[in-house]
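Trainee: Just need the structure, nothing else, for what follows:
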Amino acid sequence: MYKNIEFISQGATLKGRLYLPKYVSNNRFPVIVMAHGFTTTINGMTADKYAERFRDAGYSVALYDHRNLGISDGEPRQEINFWVQARGYIDAIDFVSSQPEIDTNKIAVWGASMSAREAFLVGTIDERVDAIITMVPAFGEEYPTDDKKGNAYAFAKETVLNDNIMSLPHTVSKQIPIVSYDQISTPSKPKELTAYKWFIEYGGRFGTNWRNVVIISNLKTPEHFHVGQCASYLKAPILMVVAKNDEMEGANTKVTSRVFKMIKQPKEWVDISGGHFGLLYYPSNLFEKSSKAQINFLERYF
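Mentor: Numbering: from 1, shown residues only. Sure, this is the predicted structure:
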């Protein structure tokens, strides 16, 4: 119950799926714009299961692979950039807003881990966003400072809306493994064994188009810049589904809590056990708890 879609972002064609509810109706459907987390892809790595659950609850879903990853186009392959991926959400919203099945007054953005931070940022910039869902958000290890003059937000908005983000000053890492069982001989980006277990089990499945290598591109940002500084600019209610004592570097629960406290819009926090990857195992009780909380949140605001 989906059709293949594609749209342009930063000069590349991003590809994915548009899920539509099973029942026939002349009405337009609320839509959830979804992209997966750090290097993960849409086929078989659990984001598709969340999309199916949303569809069964009566929502349409636009689920796509980030630029340079999975079925989406873009070069160099496996290179990720936070700002480019955040811009992908805005271009995806442009696309779904042109589709006849979509209620453009009810648009949500959804992200997990790294893409949760991207969805959060988009929710501060794009006026069309009516709800934000973040799962196990990765806001980093440093606490955000106050942005009293709004300089951090101005930088973030100008950067995401730039039509050629990669023309801005940036650095590019060497290609490294995403996960590895041997951190001495073959160190990887995430070093946690829970990351190795999940990525190999799910990414290693046939047809996922996931590859165990990554190149990380980072833009030059102002000193002490932190995405959390944009919290007061959120345009819509937000749900944070947070792992208790999240074990992943970059997904510090205390930092997430600080960002949550800075939010002025209606906000909800749901604790999930099982670590960073527990809610990404399907089928599982944690998946059921997480998906139910997200659907309940959407029902309250849509």
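Trainee: In this protein, mark out all the helices, start to finish.
Mentor: 47-56, 82-97, 114-125, 151-160, 193-198, 253-262, 285-301 (DSSP state H).
Trainee: got the residue ranges for the strands in the protein?
Mentor: 2-9, 12-19, 29-35, 60-64, 79-81, 102-112, 131-135, 170-172, 215-219, 238-243, 267-272 (DSSP state E).
Trainee: what angle do the second one and strand 102-112 make?
Mentor: Going back to what we said before, that points to strand 12-19. Strand 12-19 and strand 102-112 are oriented at 110 degrees to each other (axes from the mean of the first three to the mean of the last three C-alpha atoms, to 10 degrees).
Trainee: State the mean pLDDT of strand 12-19.
Mentor: Average pLDDT, strand 12-19: 98.
Trainee: Columns mean pLDDT on top of the helices of the chain, output as a markdown table?
Mentor: Output for those, formatted as a markdown table (pLDDT from 0 to 100):
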| stretch | mean pLDDT |
| --- | --- |
| helix 47-56 | 98 |
| helix 82-97 | 98 |
| helix 114-125 | 98 |
| helix 151-160 | 98 |
| helix 193-198 | 98 |
| helix 253-262 | 98 |
| helix 285-301 | 98 |
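Trainee: circling back: how about the strands of the chain in a markdown table, adding mean neighbour count and distance to Arg205?
Mentor: For glycine as for every other residue, the C-beta is placed from the backbone atoms N, C-alpha and C. Listed next are those as a markdown table, based on neighbours: other C-beta atoms under 10 Å; distance: least, C-beta to C-beta, whole Å:
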| stretch | mean neighbour count | distance to Arg205 |
| --- | --- | --- |
| strand 2-9 | 15 | 19 |
| strand 12-19 | 21 | 17 |
| strand 29-35 | 27 | 19 |
| strand 60-64 | 27 | 17 |
| strand 79-81 | 20 | 21 |
| strand 102-112 | 23 | 18 |
| strand 131-135 | 28 | 20 |
| strand 170-172 | 12 | 29 |
| strand 215-219 | 17 | 23 |
| strand 238-243 | 24 | 23 |
| strand 267-272 | 16 | 23 |
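Trainee: So which of the helices of the chain is nearest Asn209?
Mentor: When the helices of the chain are compared by C-beta to C-beta, helix 47-56 sits nearest Asn209, at 12.3 Å.
Trainee: Enumerate the positions of that closest one that are buried.
Mentor: 47-55 (16 or more other C-beta atoms under 10 Å).
Trainee: now do stretch 282-301
Mentor: Quick answer for stretch 282-301 (16+ other C-beta under 10 Å): 282, 286-287, 289-291, 293-295, 297-298, 301.
Trainee: What is the nearest of these to Asp91?
Mentor: For those, the nearest to Asp91 is Leu298 (22.5 Å; C-beta to C-beta).
Trainee: and that closest one, what does it touch?
Mentor: 30, 32, 54, 57, 59, 108, 131, 133 (C-beta atoms under 8 Å, 6 or more residues apart in numbering).
Trainee: Of those residues, which is the nearest to Val242?
Mentor: Distances from Val242 to the contacts of Leu298, taken by C-beta to C-beta, are shortest for Ile133, at 12.0 Å.
Trainee: what about the closest residue to that closest one other than its chain neighbours, distance to Gln294?
Mentor: Leaving out its chain neighbours, the residue that sits closest to Ile133 by C-beta to C-beta, 6 or more residues apart in numbering is Trp110, at 4.5 Å. According to C-beta to C-beta, to the nearest Å, Trp110 stands 8 Å off from Gln294.
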